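**Q** Give me the fold of what follows.
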Amino acid sequence: MIDCIKKISSQTTKYHFCLFPTTALILKRDLINSFKKIKKIDFDHLSSVSEYDASPYRALRFVGKNRIEFNLKKFALTRSQDIPKLCRDSATFYIYRTESLLKYNRKLPKKTTYYFIDKYRSIDIDTESDFKFAEFIFKYINK
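**A** Numbering: from 1, shown residues only. Predicted coordinates for the structure are as follows:
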């Protein structure tokens with residue numbers, strides 16, 4: 001984005017959006033509402049986020065050839081509803097205050113907020129099966 005901003009000489013534009021073409025289920029209202037949010041709270045960066053299907057705190061890792069164990073033993077006996085909530089970067093879109101993006105050069109500014117995207121609409125279409133799943137979800141949400 002920084003290279004693009006410099007090439008098109010848009011350094012004085014207050015905000016820049018980065019919207020990925022492989023995230024076809026983003027709605028106009030997502031962009032409008034997220035833009036309203038970042039302006040209202042006067043933050044430098046907004047990232048679209050989604051929930052995990054299962055908490056990464058309960059992830060397992062491979063140990064040797066035939067064994068697995070909890071990656072974080074601290075949470076091995078913790079009920080899922082008692083585990084801290086996390087979100088993931090949905091990699092659908094970002095909004096940057098231009099001067100902050102140029103200053104921090106891809107580092108996450110302290111004043112970063114989020115916009116929640118339903119996990120079913122944050123499909124990153126990289127494969128044919130991703131595309132088929134996105135088509136299915138598109139038909140479902142547009143009934």
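**Q** which helices and strands sit right next to the lengthiest strand in the chain?
**A** Using DSSP state E to define each element, the chain has its longest strand at strand 87-97. With contacts taken as 3 or more CB pairs under 8 Å, 6 or more residues apart in numbering; DSSP states H and E, strand 87-97 sits against strand 15-19, helix 28-41, strand 45-51. For every residue, glycine as well, the C-beta is placed using N, CA and C.
**Q** okay, the angle between that strand and strand 15-19?
**A** Orientation check (axes from the mean of the first three to the mean of the last three CA atoms, to 10 degrees): strand 87-97 against strand 15-19 gives 140 degrees.
**Q** most tightly surrounded among the helices and strands packed on strand 87-97?
**A** Among the helices and strands packed on strand 87-97, strand 45-51 has the highest mean neighbour count (mean count of other CB atoms under 10 Å), at a mean of 21.
**Q** List the contacts of it.
**A** Residues outside strand 45-51 that contact it (CB atoms under 8 Å, 6 or more residues apart in numbering): 26, 30, 34, 37-38, 85, 87-97, 100-101, 108-109, 111-119, 122.
**Q** Could you write out the alpha-carbon coordinates of it in PDB?
**A** Presented in PDB, the C-alpha positions along strand 45-51 are these (Å, rounded to 0.1, in the frame of the first residue of the first chain):
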ATOM      1  CA  HIS A  45      -6.000   1.700  11.800                       C
ATOM      2  CA  LEU A  46      -9.000  -0.600  11.500                       C
ATOM      3  CA  SER A  47      -8.700  -4.400  10.800                       C
ATOM      4  CA  SER A  48     -11.600  -6.600   9.900                       C
ATOM      5  CA  VAL A  49     -11.700  -9.600  12.300                       C
ATOM      6  CA  SER A  50     -13.600 -12.800  12.700                       C
ATOM      7  CA  GLU A  51     -14.100 -15.400  15.400                       C
END
